[in-house]
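K.L.:
This is the structure alone, sequence omitted:
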């Protein structure tokens, strides 16, 4: 806490310099390989028949879970930046987001190809009749425009503000994805509950910070100059 | 190591057959002896034949049985955990000897049976049955056992008995899944008496000619091939004849999803997924699910005049 007479300077100016461009490129490369590891693991398992008695179920489940994990990782970037001050993390976020779409596409392909074997009538019936498939499909449809606009050209074209508004739909996608898992399990909801709690934490942190921000902006009008207290939010 | 496959050309001679006590004690022995014991104990594991003779049954399907490895590694047995691979991993501390089953309720001669007496109660048959899980997958399983009716006749059910309730073991010390209130433990199941007395209804003691493994419901379990798999209560400790329809574990957990009857029915969907087709483990495509899992000829008449959408 500190009084308003000493206004906090923008932290970015005083913050230690982040990693160099070369280091970021290296980090991106490492992340790229890391994100492909689950795919490699399951392809290898499939090739050597090590995915148990029901490999199609194992692949469907794994591709779904990795979609959810990467989605949570993507949503963790902003809170992590705020807590650690590692602003360079934002430069890795696009790749994480695109891998969410990659694994979601694999998940959908597994369902359409391996599970239903292109039985479009059965798939259409499933999407309409089964709530967990309905919302899973909705989450995928919402992901498509985000993946399509994950390039600098799209940001320039849309303008930062509109681009950001569009990409906020990822919060809804997160909720749909957790519900999709929740409604699918037969009885033991432990796992979807864990994913749900992490998602609640990540979205809750944003809501809390936003509320803090709102109060800080209201504060100057509420108290006379000299008495007001401005909390410093760690960045 | 030399592994010999039993066939007609190389019959196993009685002197090679390990005694039951040795067969059952081998794990304790391996544990007690530590690593060095394996070399001595391993040969004792081969050639153990728990059933002196196994009769073929006309009720068996001629479809190709699911590989044994799949049957013993892909299980729904929530008392040992809710993942398919949990049971095989978590049964280590579960003891199936000594074991008794109490058969009681509305009968003239209630009795407690020791498992070794049950093994001799009736001729052991091989019944190769289709098994359809409510989750949409299926197997073909060569069970060993005898009709449940053979056991129920021993206690002489009274005329007032209309239903049979089955209760599974619930031992917290050896069944880690009981720590979570996933279902109302102990697991219970139920059948109408005429379903229980039906010649297809099996009391299974073995699988692929070997005694049941714990993950498959050792030492004895119910098998009702025209119903979804969860009706086959595992590791039975009590069978009770009653005049009221008993509550069942899955029905209590989600009454709108799992009914008392739970006959395999492609026409009646689970609220969250279709039951029209199934994946036979080991096959790529899906197959159509058959009414009463293909046993309609034998059992459909049990439900004459009943609305199977209402009594799902």
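P.N.:
Nice, I can see it. Note that the coordinates shown come from a computational prediction; the quantities given were computed from them, not determined experimentally.

K.L.:
residue contacts, residue B:298?
P.N.:
Contact analysis of residue B:298 by C-beta atoms under 8 Å, 6 or more residues apart in numbering or on different chains lists B:59, B:198, B:199, B:200, B:226. All C-beta atoms are positioned from the backbone trio N, CA, C, and that covers glycine.

K.L.:
Which strand or helix spans it?
P.N.:
Following DSSP states H and E, one finds residue B:298 within helix B:296-299.

K.L.:
for residue B:52, same thing?
P.N.:
Secondary structure from DSSP H and E places residue B:52 outside every helix and strand.

K.L.:
count of residues packed around it?
P.N.:
With neighbours defined by other C-beta atoms under 10 Å in any protein chain shown, the count for residue B:52 comes to 9.

K.L.:
Tell me where chain A has helices.
P.N.:
In chain A, the helices defined using DSSP state H lie at A:11-14, A:21-47, A:55-84, A:90-109, A:120-129, A:131-148, A:152-158, A:160-167, A:169-184, A:190-222.

K.L.:
What residues sit buried inside the third one?
P.N.:
Neighbour-count burial for helix A:55-84, counted by 16 or more other C-beta atoms under 10 Å in any protein chain shown, picks out A:55-60, A:62-82.

K.L.:
pLDDT averaged over it - what is it?
P.N.:
Helix A:55-84 shows a mean pLDDT of 96.

K.L.:
can it be found next to chain B?
P.N.:
Yes: on the criterion C-beta under 8 Å from any C-beta of the partner chain, helix A:55-84 is in touch with chain B at A:56, A:57.

K.L.:
so what does that helix touch, helix or strand wise?
P.N.:
In terms of contacts (3 or more C-beta pairs under 8 Å, 6 or more residues apart in numbering or on different chains; DSSP states H and E), helix A:55-84 is packed against helix A:21-47, helix A:90-109, helix A:169-184, helix A:190-222.

K.L.:
if we can go back for a sec, of the contacts of residue B:298, buried ones?
P.N.:
If you count burial by 16+ other C-beta under 10 Å, the buried members of those come out as B:59, B:198, B:200, B:226.

K.L.:
Kindly indicate which of the residues you listed lies nearest chain A.
P.N.:
Taking C-beta to the nearest C-beta as the measure, chain A lies nearest residue B:226 of the buried ones among the contacts of residue B:298, at 21.1 Å.

K.L.:
tell me the mean pLDDT over stretch A:196-206?
P.N.:
Per-region confidence: stretch A:196-206 scores 97 on mean pLDDT.

K.L.:
Now tell me what touches that stretch from outside.
P.N.:
Stretch A:196-206 is touched from outside by A:72, A:75, A:76, A:78, A:79, A:82, A:171, A:174, A:175, A:178, A:182, with contacts defined as C-beta under 8 Å, 6+ apart.

K.L.:
With stretch B:96-103 instead?
P.N.:
Here stretch B:96-103 makes contact (C-beta under 8 Å, 6+ apart) with B:24, B:110-115, B:118, B:151-152, B:154-155, B:214, B:218-220, B:235-240.

K.L.:
doesn't residue A:184 make contact with residue B:135?
P.N.:
No: distance between residue B:135 and residue A:184: 10.5 Å, which falls outside the contact criterion (C-beta atoms under 8 Å).

K.L.:
tally of neighbours for residue B:195?
P.N.:
A count of neighbours around residue B:195, defined by other C-beta under 10 Å, yields 22.

K.L.:
Provide a list of residues in contact with it.
P.N.:
When contacts are counted by C-beta under 8 Å, 6+ apart, residue B:195 touches B:201, B:224, B:299, B:302.

K.L.:
What does the last one show for phi and psi?
P.N.:
When you say that, I think you mean residue B:302. Torsion angles at residue B:302 (phi, psi; degrees, to the nearest 10) stand at phi -60, psi -20.

K.L.:
give the contact list for it.
P.N.:
By C-beta under 8 Å, 6+ apart, the neighbours of residue B:302 are B:192, B:194, B:195, B:198.

K.L.:
cool, and the third one?
P.N.:
With contact taken as C-beta under 8 Å, 6+ apart, residue B:299 is in contact with B:195, B:198, B:200, B:226, B:263, B:292.

K.L.:
Check the first one too.
P.N.:
Listed by C-beta under 8 Å, 6+ apart, the contact partners of residue B:201 are B:147, B:148, B:149, B:191, B:195, B:222, B:223, B:224.

K.L.:
try the second one
P.N.:
Residues touching residue B:224, when contacts are defined by C-beta under 8 Å, 6+ apart, comprise B:191, B:195, B:200, B:201, B:202, B:231, B:232.

K.L.:
Name the member of those with the shortest distance to residue A:160.
P.N.:
Using C-beta to C-beta, residue B:231 is the member of the contacts of residue B:224 that lies nearest residue A:160, at 59.3 Å.

K.L.:
surely the closest one meets residue B:260?
P.N.:
No: at 9.4 Å, residue B:231 and residue B:260 do not qualify as touching, with contact defined as C-beta under 8 Å.

K.L.:
Those two: which has the busier surroundings?
P.N.:
Using other C-beta under 10 Å as the criterion, residue B:231 and residue B:260 rank with residue B:231 on top: 26 against 19.

K.L.:
Roughly how far does the residue nearest to residue A:92 when sequence neighbours are not counted sit from residue B:51?
P.N.:
Distances taken as C-beta to C-beta, 6 or more residues apart in numbering or on different chains put residue A:31 closest to residue A:92, at 5.6 Å, once the chain neighbours are dropped. Separation of residue A:31 from residue B:51 (C-beta to C-beta, to the nearest Å) stands at 57 Å.

K.L.:
who has more neighbours, the two?
P.N.:
Remark: of residue A:31 and residue B:51, residue B:51 carries more neighbours, 18 against 15, as counted by other C-beta under 10 Å.

K.L.:
re earlier: my read: the residue nearest to residue A:92 touches residue A:97, true?
P.N.:
No: when contacts are counted by C-beta under 8 Å, residue A:31 is not listed as touching residue A:97 (11.7 Å).

K.L.:
So which bits of stretch B:160-175 are buried?
P.N.:
Neighbour-count burial for stretch B:160-175 flags B:161, B:163, B:164, B:165, B:166, B:167, B:168, B:169, B:174, B:175 (criterion: 16+ other C-beta under 10 Å).

K.L.:
now these as CSV including distance to residue B:275, pLDDT and secondary structure?
P.N.:
Converted to CSV, the buried residues of stretch B:160-175 look like this (distance: C-beta to C-beta, whole Å; pLDDT from 0 to 100; DSSP: H, G, I helix; E, B strand; the rest coil):
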residue, distance to residue B:275, pLDDT, secondary structure
B:161, 31, 98, coil
B:163, 25, 98, strand
B:164, 25, 98, strand
B:165, 26, 98, strand
B:166, 23, 98, strand
B:167, 27, 98, strand
B:168, 25, 98, strand
B:169, 29, 98, coil
B:174, 34, 97, coil
B:175, 29, 97, coil
